[in-house]
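# Dropping the sequence and predicted coords here.
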Amino acid sequence: MATERIVSAQPRDTREEQFNLSLRPETLDAYIGQARLVEKLRIALEAARQRKEPLEHVLLHGPPGLGKTTLANIIATELGTHLSLTSGPALTKPSDLVGTLTRLQPRDVLFIDEIHRLSPVIEEYLYPAIEDFRIDVTVDSGMHARSITLPLQPFTLIGATTRAGLITSAMRSRFGIAHNLEYYQPGELLEILRRNARLLGLEEGGQTSDLERALSLLADRSRGTPRIANRLLRRVRDYAQVRHGGTVNPEVADAALCLEGIDDQGLDELDRRYLRVIAEVYRGGPVGLEAIAATLGEDSGTLEDVVEPFLLQRGMLARTRRGRQLTPHSAKLIGFGDLAERLSGLEDSGAAETGLFDADPDANEHGRSSK
Ligand code: ADP
């Protein structure tokens with residue numbers, strides 16, 4: 001049983017995507033946060049413009065909802081070119097790529113989402129396209145079949161992935177710029193929310209400072225993720241409109257989020273169930289992900305992608321060689337005081353030396369394993 005979650009960073013439906021689209025920043029100046037990446041891109045874009053060359057290929061990795069697609073759109077806009085969008089799973093055979101590649105105009109941008117899911121055959125096919133701007137196509141069939149080489153316009157490939165560890169090194173080495181997107185700080189999310197509240201006309205009615213405090217509350221509960229911030233803003237706007245004549249204040253925001261089951265830490269029901277299972281069934285861990293998934297009746301990939309990154313980032317979960325482990329902080333949060341004390345004792349008694357609190361050797365930079 002997969003649980004639908006308001007705090008999932010995955011897009012939910014087309015209506016939400018349209019809503020996000022209307023709030024999507026269109027220029028680098030309007031893109032908030034990710035300062036180091038934005039600076040790198042500014043320089044690379046300016047250099048490419050001066051030399052009248054396409055931008056180098058860019059690999060963006062990081063959890064969903066952090067702005068990878070948004071950046072690809074911005075890059076195409078800044079270059080004054082077009083963006084073609086596709087994804088790893090959508091490309092099943094080389095011929096799926098031929099049309100897209102041959103239609104590209106000089107310096108256009110091709111965005112491939114979930115690039116870690118490209119099949120090896122497609123990956124091989126892509127290499128000459130991104131290195132030498134040419135592809136081989138087969139014409140005719142049977143005994144008359146022959147391969148001809150088609151030249152392509154110089155273009156920029158932007159690859160996005162949530163699983164950097166799954167990209168082959170051959171693929172990774174073909175990107176001139178590779179960058180890991182970070183979770184956003186509450187201050188940055190507040191800035192995004194302010195801008196979006198303005199775009200949605202939210203300041204009318206209530207007191208501005210009330211709205212500011214409400215947005216600040218949303219920023220704290222958005223898991224460092226703009227897509228979630230936008231979704232919470234939408235829920236609060238609806239709630240305020242129907243129950244409070246459109247006035248948004250902290251009490252209204254809190255009530256709207258409570259209705260959605262989101263607590264003051266930004267945790268939802270699935271997060272709390274996940275933590276409680278480790279506490280109740282596995283005495284705080286360490287326990288393997290598959291065992292937790294089976295007990296919860298959830299998919300382990302979902303837990304790894306949408307539940308664990310936030311808990312890891314907030315120090316509510318530790319990944320060890322022997323499995324997942326609650327931290328004293330999370331045990332206390334979910335009301336397991338005795339367990340919290342036992343876990344603190346373990347930490348103090350040097351369990352770290354035994355490997356209990358060592359980082360997972362398979363974890364990539366988001367603390368996730370590539371398995
Ligand atoms: P990803 O491709 O990483 O899953 P998206 O680019 O689709 O994420 O971002 C989801 C939504 O979040 C966007 O539609 C946009 O409205 C918002 N967003 C993302 N990054 C930013 C940012 N830096 N500034 C403002 N809004 C952002």
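In hand now; what should we look at?
# alpha carbons only for contacts and neighbour counts from here, please
Noted.
# Which single residue of the stretch 101-250 of the chain approaches the ligand most closely?
Per CA to the nearest ligand atom, Arg227 is where the stretch 101-250 of the chain lies closest to the ligand, at 3.9 Å.
# Ignoring the adjacent residues along the chain, who's closest to that residue?
Nearest residue to Arg227 in three dimensions, chain neighbours excluded: Gly65, at 4.9 Å (CA to CA, 6 or more residues apart in numbering).
# ok, which residues in the stretch 151-300 of the chain are in contact with the ligand?
Within reach of the ligand by CA under 6 Å from any ligand atom, the stretch 151-300 of the chain has these residues: 192, 226-227.
# List the ones among those that fall in helices.
192, 226-227 (DSSP state H).
# Would you check that the residue of the stretch 101-250 of the chain closest to the ligand makes contact with Thr69?
No: in this structure Arg227 lies outside contact range of Thr69 using CA atoms under 8 Å: 11.4 Å.
# Quick one: residues contacting the residue nearest to His329 when sequence neighbours are not counted.
Distance criterion CA to CA, 6+ apart; nearest residue to His329, sequence neighbours excluded, is Met316 at 6.2 Å. Taking CA atoms under 8 Å, 6 or more residues apart in numbering as the criterion, Met316 is in contact with 326-330.
# quick one: which of the residues you listed sit in helices?
328-330.
# Relative to the ligand, which of those residues is nearest.
Ser330 (27.3 Å).
# any idea of the pLDDT on the closest one?
Here, the pLDDT recorded for Ser330 equals 95.
# Next: Pro361.
For Pro361, pLDDT reads 40.
# How far off centre is stretch 76-89?
18 Å (CA atoms, centre = their mean, to the nearest Å).
# swap that for stretch 334-346, please
Counting by CA atoms, centre = their mean, stretch 334-346 is centred 32 Å from the centre of its parent chain.
# okay, now the domains of this protein?
34-180, 186-259, 269-366 (automatic domain parsing).
# can you list those in TSV and add distance to Glu16?
Shown next, in TSV, are the domains of the chain (distance: least, CA to CA, whole Å):
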stretch	distance to Glu16
domain 34-180	12
domain 186-259	8
domain 269-366	18
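# okay, those domains, which one's buried deepest?
domain 186-259 (a mean of 19; mean count of other CA atoms under 10 Å).
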